[in-house]
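> Could you look at this predicted model? Sequence included:
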Amino acid sequence: MKRNNLGFAVSVAVTLLAASGLSATQGSGTAATARTRTARAARVETLPERPKLAVLIMVDQMRADYVEHFKNDWTHGLKRLVTQGAWFRRAAYPYLTTVTCAGHATVGTGAFPRTHGIIQNTWWDREHKQLTTCTQDANVHEIGYGVSVDGGDSASHLMMPTFADVLRSQRRAHVVTLSLKARSAIMPAGHGGDAVTWLDDAGDGWTTSSAFAEQPVPAVKAFIDANPLDDDFGKTWTRALPAARYSGPDDAVGEAPPKGWTRTFPHELKGTTGAPDADFRQQWMHSPYADAYLGRFAAALAESLALGKHGTTDMLSVSFSSPDLVGHGFGPRSQEMQDMYMRLDATIGTLLDRLDVVVGKGQYVVALTADHGVTPLPEQLTAAGQDGGRISQTAVRDAVQNAAQAALGSGTYVARENYNDIYLAPGVSAKLAAKPEALQAVVNALLATPGIAKVYRAEEIRGAAHSSDRFERAAALSYFPGRSGDLILVPKPGWEFSTSGAMHGTATADDQRVPILLFGFGIRPGAYMQAVTPADVAPTLAAVCGITLLQADGHALTEALRAAPRRTTSGGQPPH
């Protein structure tokens, strides 16, 4: 296997940030705040030993309130983390673009998008005039496990090292990351790793890339060969609990299940042709069977690659993607979502039980969080008399185009609209800046578009990371020069950029608030009410493991570390 970038020193962070025009303290607050964080880091250095393994569990699209709503259903893994670990109940992303790649990069690095550069899942490449994904890399190629794959993916767009990168550099750690999504496996790993594995876009088979391996990793191949995805064909997803135990309806307006399923239980994994076809693969990925597979996969690699047995602290990251797919299709108030977390409780429990044996009980540290939450289905909000709806990308484009044409004459003014970002055609920004009334006309047209709450120009938010206006600050924390749009849109609560199902990607509590659960080696159990962000996860793991993240925007949650004195907090409002 290819363990590249072992010499990826922490100084690379400074070099990369300097190249992008970012300072070492950007996004970190005042000098006093920096001194406070230094003091916190110093306090946790009293830990006498280090864990054998650091485990990062990412749950794609896990709202913070799911823990409160569903925890009484849990009996195994999630219950173990909540009752025996540290539960930070007021965690939230402070930035605007609450999407998968940005969230995984934030948790992986301990920094915000304005620092690490991952602003969205995709953005407009102005030079090549095309959308690029956050992991797209023309300089590498995919390596399939028994499946033909195209393209290439890596963390080349990530502008700083991850916790895993620094752990490999400073401790020669072995790193394993898994997910259904490329971005969810790659961003926690960063710029190298021993087994960085994801499912190809069609769901046909597993893959990695030449950024992480020169050939298929034998341990990964052995598990895949012994555990074909098609083994789940013909299974049926039914409720784990009696129907009366579910808080939401089984058939609700706005639900958009995958092809071959209805909006009600049971859900059969049989495809649409009577064989394991593309529709079966989509059904599988939308089911708890995919989570269970990833859990078994992670446990098997921890054992076969001897994680925790290399005389250092190794790392295992698993990102469960299926809750996101189910949440998009059925919404956060569905019976399917409640049942997914019942099943995920069992899956995580089985994984932790295996790590107890393979690594040793109490010899590993676990951090669980999510990359974002989700907004309820707009149809359900409006049915309940609340404001909500779907923002039309076409309407957004037309608003800019028509207003600009009326003020400046005929021409093409929009290069691309991409969720929160509007990319103007070359030279248009300068024309609008030279004619303030034309610029204001464009902004007014956007504000008149249903669902749009605020519009920011790029030059407005470049230096607004500490603004007292939370929406302006959120937009600024998501802004990265050269990648972000010329105009940044902030949706109203309950409104989303989607044509069906539920969506996220806004600066509302629905999308920003997520849980943080810490467990195991060096962790002081308890419920903690102070305002924190997922950018604090990597610095906390770093403190437990005795390494340093020089460019983190977050800080170690020393309140929950056994070697650090408990800090009294005022229980202020979460930063969202």
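Good, I have the coordinates.

> Quick one: end-to-end length of stretch 247-259, please.
Using Cα to Cα, to the nearest Å, one end of stretch 247-259 lies 25 Å from the other.

> Oops, could you answer that again for stretch 247-257 instead?
In stretch 247-257, first residue to last residue: 19 Å (Cα to Cα).

> So what touches that stretch?
69, 243, 263-265, 267, 286, 328-331, 333-335, 337-338, 377-380, 383, 500-502 (Cβ atoms under 8 Å, 6 or more residues apart in numbering). Backbone N, C-alpha and C define where each C-beta goes, glycine included.

> same check, this time on stretch 384-396
Contacts of stretch 384-396 (Cβ under 8 Å, 6+ apart): 375-376, 378-382, 417, 419, 422, 446, 449-452, 489, 491-499.

> what are the C-alpha coordinates of it, in CSV please?
Listed next in CSV are the C-alpha coordinates belonging to stretch 384-396 (Å, rounded to 0.1, in the frame of the first residue of the first chain):
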residue,chain,number,x,y,z
ALA,A,384,-48.3,23.5,9.1
GLY,A,385,-48.7,27.2,8.3
GLN,A,386,-44.9,28.0,8.4
ASP,A,387,-42.9,29.8,5.8
GLY,A,388,-40.9,27.6,3.5
GLY,A,389,-40.4,26.7,-0.1
ARG,A,390,-38.0,25.9,-2.9
ILE,A,391,-35.6,28.4,-4.5
SER,A,392,-35.5,28.2,-8.2
GLN,A,393,-32.0,28.4,-9.6
THR,A,394,-33.5,29.5,-12.9
ALA,A,395,-35.3,32.3,-11.2
VAL,A,396,-32.1,33.4,-9.5
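
> in the stretch 251-400 of the chain, which ranges drop under the pLDDT threshold?
Low-confidence segments of the stretch 251-400 of the chain (pLDDT under 70): none present.

> Ok, the chain next?
In the chain (pLDDT under 70), the answer is 1-48, 563-576.

> mind checking the longest helix of it?
As assigned by DSSP state H, the longest helix anywhere in the chain is helix 335-355.

> So what are the sheet partners of whichever helix or strand comes after that helix and their directions?
Downstream of helix 335-355, the first helix or strand assigned by DSSP states H and E is strand 364-370. Applying DSSP bridges, strand 364-370 is found paired with strand 53-59 (parallel), strand 516-520 (antiparallel).

> Those strands into a markdown table, with extra columns for mean neighbour count and distance to Ala111?
What follows is the strands paired with strand 364-370, written out as a markdown table (neighbours: other Cβ atoms under 10 Å; distance: least, Cβ to Cβ, whole Å):
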| stretch | mean neighbour count | distance to Ala111 |
| --- | --- | --- |
| strand 53-59 | 27 | 15 |
| strand 516-520 | 25 | 16 |
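
> Columns distance to His555 on top of those strands, output as CSV?
Formatted as CSV, those follow (distance: least, Cβ to Cβ, whole Å):
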stretch, distance to His555
strand 53-59, 17
strand 516-520, 13
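
> Nearest to Thr540, out of these?
Smallest distance to Thr540 across the strands paired with strand 364-370 (Cβ to Cβ): 6.7 Å, for strand 516-520.

> Can you list the neighbours in contact with the closest one?
For strand 516-520, the external contacting residues (Cβ under 8 Å, 6+ apart) are 51, 55, 67, 80-82, 84-88, 91, 362, 364-369, 532, 534, 536-537, 540, 557, 560.

> On the C-terminal side of that strand, identify the next helix or strand.
Downstream of strand 516-520, the next assigned helix or strand under DSSP H and E is strand 526-528.

> so what strands line up beside that following strand?
Take DSSP bridges as the rule and strand 526-528 pairs in its sheet with strand 86-88 (parallel).

> just to revisit the earlier point, just the buried ones from the contacts of strand 516-520?
51, 55, 67, 80-82, 85-88, 91, 364-369, 532, 534, 536-537, 540, 557, 560 (16 or more other Cβ atoms under 10 Å).

> For Asp481, the count of nearby residues, please.
Just to correct that, residue 481 is Pro rather than Asp. For Pro481, the neighbour count with other Cβ atoms under 10 Å is 12.

> typed the wrong thing, it's Glu459
As a burial measure, Glu459 scores 10 neighbours (other Cβ under 10 Å).

> quick check, it in a strand?
No: when classified by DSSP: H, G, I helix; E, B strand; the rest coil, Glu459 is found to be helix rather than part of a strand.

> OK, contacts around it?
Glu459 neighbours (Cβ under 8 Å, 6+ apart): none.

> same deal with Ala292?
Taking Cβ under 8 Å, 6+ apart as the definition, contacts of Ala292 comprise Arg343, Ala346, Thr347.

> repeat that with 7 Å
With contact set as Cβ atoms under 7 Å, 6 or more residues apart in numbering, Ala292 has these partners: Thr347.

> That one - that's part of a helix, no?
Yes: the assignment for Ala292 by three-state DSSP puts it in a helix.

> returning to what we had before: of all the strands paired with strand 364-370, which lies closest to Asp165?
Closest to Asp165 of these is strand 53-59 (Cβ to Cβ; 13.0 Å).

> quick one: the closest one to helix 335-355, angle?
With axes from the mean of the first three to the mean of the last three Cα atoms, to 10 degrees applied, the angle from strand 53-59 to helix 335-355 works out at 170 degrees.
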